[in-house]
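S.K.: fold the following, please.
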Amino acid sequence: MSSGRLLRTEALSWMSDVDNVTGGQSQDLALQPVWDYLLQNHHDHLRSPLFPVVLSITTYFFLVGLYTVLDMLAPYWPCINRYRLHPDRPITWPNIWTTLCVTIYNHLLYIFPAAVAQWLWRPPTPLPREAPTLWSFLLGILGCMVVFDFQYYLWHLLHHRVPWLYRTFHAVHHQYNQPFSLVTQYLSGWELFSVGFWATVDPILLQCHCMTTWGFMVFNVYVSTEDHCGYDFPWAVHNLVPFNLWGGAPKHDAHHQRPGTNFAPFFSHWDCIQSHTCIDLEFS
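M.R.: From the prediction side, this is the model:
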């Protein structure tokens, strides 16, 4: 090979390498160090079918514990109480114990057997060597949230429109018209099963990377708890998402005050469509 051809070949190879690093591969590398660390140090734990269950439960009780501490401090700390949606109605210990007992009961009676069955029957989770791109990670979480939001909106609307369904399954959740964090999973077994089923199946339907699946589970638990927390903090999701696209704690609190409104768990577009449709029907 002549020296000229050799130099051209090396130049093309170098340009290709630069394009791979600065172009499409840059997003690929964003999450790769984190994924490599997890694979190297926690490979066996991540493969276990129990890992998603443990991750969701740990996230939930951590958040609930944090909000419960705030509930106990709020009557004495004005800097916290000013953000409560009902600052004149403190959360009492009987409220906490009642909702906590139901939550633990549901975990022991429903979640624990389901986790054991999953551990026995499901194969270990396959762990690819490549991390998801940052774009696919964020888009996957958003997609799962949109699908989950639509599923629960239909479920929720149906259980408010059919009296038997409401009395039998959903009325438990509405025993508190002033929600606080522990009300998040103050549910009937059927409602708990429905929510858990969609949260598990939606990432599979969208063919998400397992890292994206776990990110969705954590974010889903976070926003579900935030919806019921009873606080309107400046950093809450509904204050960060523009154009009033996210409902958040104020709208879900309004739903517990007036159960005929705000059925969507997260986004606000389905409730907007429904309210405009109802108005059009009233004037037609």
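
S.K.: in the protein, which spans are helices?
M.R.: Per DSSP state H, the chain carries helices over the ranges 3-22, 24-30, 32-47, 51-73, 78-81, 93-106, 112-121, 134-161, 163-165, 189-205, 210-228, 237-240, 248-257, 269-283.

S.K.: would you turn those helices into a markdown table with mean pLDDT, mean neighbour count and distance to Ala171?
M.R.: Heads up, the C-betas are built off the backbone N, CA and C, glycines and all. Listed next are those as a markdown table, based on pLDDT from 0 to 100; neighbours: other C-beta atoms under 10 Å; distance: least, C-beta to C-beta, whole Å:
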| stretch | mean pLDDT | mean neighbour count | distance to Ala171 |
| --- | --- | --- | --- |
| helix 3-22 | 41 | 10 | 58 |
| helix 24-30 | 61 | 14 | 46 |
| helix 32-47 | 95 | 13 | 39 |
| helix 51-73 | 96 | 17 | 22 |
| helix 78-81 | 96 | 13 | 30 |
| helix 93-106 | 95 | 15 | 13 |
| helix 112-121 | 87 | 12 | 24 |
| helix 134-161 | 96 | 18 | 9 |
| helix 163-165 | 96 | 11 | 9 |
| helix 189-205 | 93 | 17 | 10 |
| helix 210-228 | 97 | 21 | 16 |
| helix 237-240 | 96 | 16 | 26 |
| helix 248-257 | 95 | 20 | 12 |
| helix 269-283 | 64 | 12 | 21 |
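
S.K.: closest to Gln178 out of those helices?
M.R.: For Gln178, the closest of those is helix 248-257, at 6.9 Å, according to C-beta to C-beta.

S.K.: starting from Phe137, give me the distance back to Pro163.
M.R.: 42 Å (C-beta to C-beta, to the nearest Å).

S.K.: er, Val201 I mean
M.R.: Val201 sits at a distance of 19 Å from Phe137 (criterion: C-beta to C-beta).

S.K.: ok, now Ser224?
M.R.: 20 Å.

S.K.: likewise Val54?
M.R.: Applying C-beta to C-beta to Val54 and Phe137 gives a distance of 21 Å.

S.K.: nearest residue to Phe219 other than its sequence neighbours?
M.R.: Once flanking residues are discounted, Phe219 sits nearest to Ile141: 5.8 Å by C-beta to C-beta, 6 or more residues apart in numbering.

S.K.: can you pull the contacts of that neighbour?
M.R.: By C-beta atoms under 8 Å, 6 or more residues apart in numbering, the contact set of Ile141 is Thr212, Gly215, Phe216, Phe219.

S.K.: got it, and Val221?
M.R.: Ser56, Thr59, Tyr60, Leu63.

S.K.: not counting sequence-adjacent ones, nearest residue to the residue most central in space within the chain?
M.R.: Closest to where the C-alpha atoms of the chain average out (C-alpha atoms, centre = their mean) is Asn220, at 0.3 Å. The shortest distance from Asn220 to any non-neighbouring residue, by C-beta to C-beta, 6+ apart, is to Ala199 (5.7 Å).

S.K.: who touches the one you found in this structure?
M.R.: So Ala199 contacts Ser56, Phe148, Phe216, Met217, Asn220 (C-beta under 8 Å, 6+ apart).

S.K.: the second one contacts Trp198, correct?
M.R.: Same thing as Phe148. Yes: with contacts defined as C-beta atoms under 8 Å, Phe148 counts as touching Trp198 at a distance of 5.4 Å.

S.K.: can I get stretch 41-53 in CSV, CA atoms only?
M.R.: Output of stretch 41-53 as CSV, limited to C-alpha atoms (Å, rounded to 0.1, in the frame of the first residue of the first chain):
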residue,chain,number,x,y,z
ASN,A,41,-20.9,-4.3,42.1
HIS,A,42,-24.5,-5.4,42.2
HIS,A,43,-24.9,-7.9,39.4
ASP,A,44,-26.6,-10.7,41.3
HIS,A,45,-29.0,-8.4,43.1
LEU,A,46,-30.1,-6.7,39.9
ARG,A,47,-30.8,-10.0,38.3
SER,A,48,-33.1,-11.2,41.0
PRO,A,49,-36.8,-11.0,40.2
LEU,A,50,-37.3,-9.6,43.7
PHE,A,51,-35.2,-6.5,43.0
PRO,A,52,-38.0,-4.3,41.4
VAL,A,53,-40.3,-5.2,44.4
